[in-house]
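> make a model of this:
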Amino acid sequence: MAKKTKMIIALGVFIGVVGTLIYISIGNAATLYLTVDELDEKQEEAVGTRIKVSGKIVGESIEFDSSTMLLTFELEGENGENGYRVPIQYDGVKPDTLNDGWEAIVEGELTADGVFIASELLVKCPSKYEAMEEEGEEIPEDHPATEEQGGSDN
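Numbers count the residues shown, from 1 in each chain. This is a model prediction of the structure:
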């Protein structure tokens, strides 16, 4: 085989590999990100599409079967109890941080019957200052949150 032919084949293989990698990375980056309220409005479009959904965990809905490692719970939007809730099914370990009212982000697909099958689950922990407020403790005066509100009530 001539040197020129080998070079053309090698260049073609290289371009093919680079093109495939670009195509795959664009597909992964194109995951749609919705809140629970937005998902309620776009449910029909979202069925069967890989999406990320964020919302607040409904504590009373959490169920975990340790024998099958199936975790089910609901996420609610900003409207709270009066709004739309999306049922989540996650096959995996139950995070210790899965608490009522905490924000969770799930990635997966919405089925035609409205159940979200999550392949990834991330529970966001509130900052220590939010936890301090909930417990009735005062936030330090030098914290930016107190400066925005004009300082604390000392």
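
> C-alpha only now, for contacts and for neighbours.
Fine.

> buried set for stretch 108-122?
Within stretch 108-122, the residues scored as buried using 16 or more other C-alpha atoms under 10 Å are 108-110, 114-118, 121.

> tell me the bridge partners for the residue nearest to the spatial centre of the chain.
Most central in the chain under C-alpha atoms, centre = their mean is residue 105, positioned 2.3 Å from the mean C-alpha point. Residue 105 has these beta-bridge partners by DSSP bridges: residue 54, residue 122.

> what segments of this protein are helices?
For the chain, the helices defined by DSSP state H cover 3-29, 36-41, 43-46, 128-134, 144-148.

> contacts for the shortest one, please.
Helix 43-46 is contacted by residues 39, 109-110, 114 when judged by C-alpha atoms under 8 Å, 6 or more residues apart in numbering.

> dump the residue contacts of residue 110.
Counting by C-alpha under 8 Å, 6+ apart, residue 110 touches 46-50, 116-117.

> relative to residue 40, how far out is it?
11 Å (C-alpha to C-alpha, to the nearest Å).

> and residue 34, by the same measure?
Residue 34 is 10 Å from residue 40, where distance means C-alpha to C-alpha.

> ok, the contacts of residue 110 vs residue 25, which is closest?
residue 50 (14.3 Å; C-alpha to C-alpha).

> need the contact list for the closest one.
Residue 50 neighbours (C-alpha under 8 Å, 6+ apart): 31-32, 107-110.

> okay, these in a markdown table with pLDDT and distance to residue 61 next?
As requested, these are exported to a markdown table (pLDDT from 0 to 100; distance: C-alpha to C-alpha, whole Å):
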| residue | pLDDT | distance to residue 61 |
| --- | --- | --- |
| 31 | 74 | 27 |
| 32 | 82 | 25 |
| 107 | 94 | 19 |
| 108 | 93 | 19 |
| 109 | 93 | 20 |
| 110 | 91 | 18 |
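
> now, which of these sits nearest residue 56?
Closest approach between the contacts of residue 50 and residue 56, by C-alpha to C-alpha: residue 107, at 14.6 Å.

> can you tell me which residues contact the closest residue to the closest one other than its chain neighbours?
Of all residues beyond its chain neighbours, the one nearest residue 107 is residue 52 (4.3 Å), with distances taken as C-alpha to C-alpha, 6 or more residues apart in numbering. Taking C-alpha under 8 Å, 6+ apart as the contact definition, residue 52 lies against 31-34, 105-108.

> thank you, goodbye.
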